[in-house]
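S.K.: sequence first, predicted model second:
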Amino acid sequence: MEKYSEIARSKEFHKLKQAKMLFIWPVVILFLLYYLSLPLLAGYAKPLMGSYVFSYVTFGYLYGVLFYFVAWGLAYWYVRKARQFDHEAQTLLSHYDEKKGA
């Protein structure tokens with residue numbers, strides 16, 4: 001248990017934690033803004049949402065369908081970045097394992 005408290009106090013761990021937070025919060029805010037803007041636009045920007053983009057597809061339908069692509073894209077981006085953070089955390093943990101063994 002003391003190994004984990006030593007890691008938690010380390011500069012590398014704080015750097016990793018800060019990098020993770022600097023990635024997570026902008027993604028969460030971006031998702032929430034995109035998610036909450038659909039009902040707001042539907043309620044207050046009816047001419048925009050009802051305007052035809054091409055053929056019989058309105059901006060509202062296009063925005064709604066693009067929401068799924070944005071959500072999947074952000075999820076994919078998060079998974080790739082989380083793997084990188086996991087790798088860095090594993091490297092940090094192995095560094096302290098080696099340090100204790102020496």
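M.R.: In hand now; what should we look at?
S.K.: and the helices in this structure, which stretches?
M.R.: Assigned by DSSP state H, the chain shows helices spanning 2-9, 11-44, 46-50, 59-101.
S.K.: show the contacting residues for the residue most central in space within the chain.
M.R.: Central residue of the chain (CA atoms, centre = their mean): residue 27, 3.8 Å from the mean position. Taking CB atoms under 8 Å, 6 or more residues apart in numbering, we find residue 27 in contact with 74, 77, 78. From N, CA and C alone the C-beta is placed, and that goes for glycine too.
S.K.: quick one: low-confidence ranges for this protein?
M.R.: Scanning the chain for pLDDT under 70 picks out 1-2, 99-102.
S.K.: if we use 90, what do you get?
M.R.: Confidence mapping of the chain against pLDDT under 90 gives the ranges 1-10, 67, 92-102.
S.K.: how near is residue 72 to residue 79?
M.R.: Going from residue 72 to residue 79 by CB to CB, to the nearest Å gives 11 Å.
S.K.: err, residue 56, not the other one
M.R.: Per CB to CB, residue 56 is found 35 Å from residue 79.
S.K.: cool, residue 95 as well?
M.R.: Per CB to CB, residue 95 is found 25 Å from residue 79.
S.K.: compare these two (neighbour count), which wins?
M.R.: residue 95 (13 against 9; other CB atoms under 10 Å).
S.K.: so what's that one up against?
M.R.: Contacts were defined as CB under 8 Å, 6+ apart; by that measure residue 95 touches residue 12.
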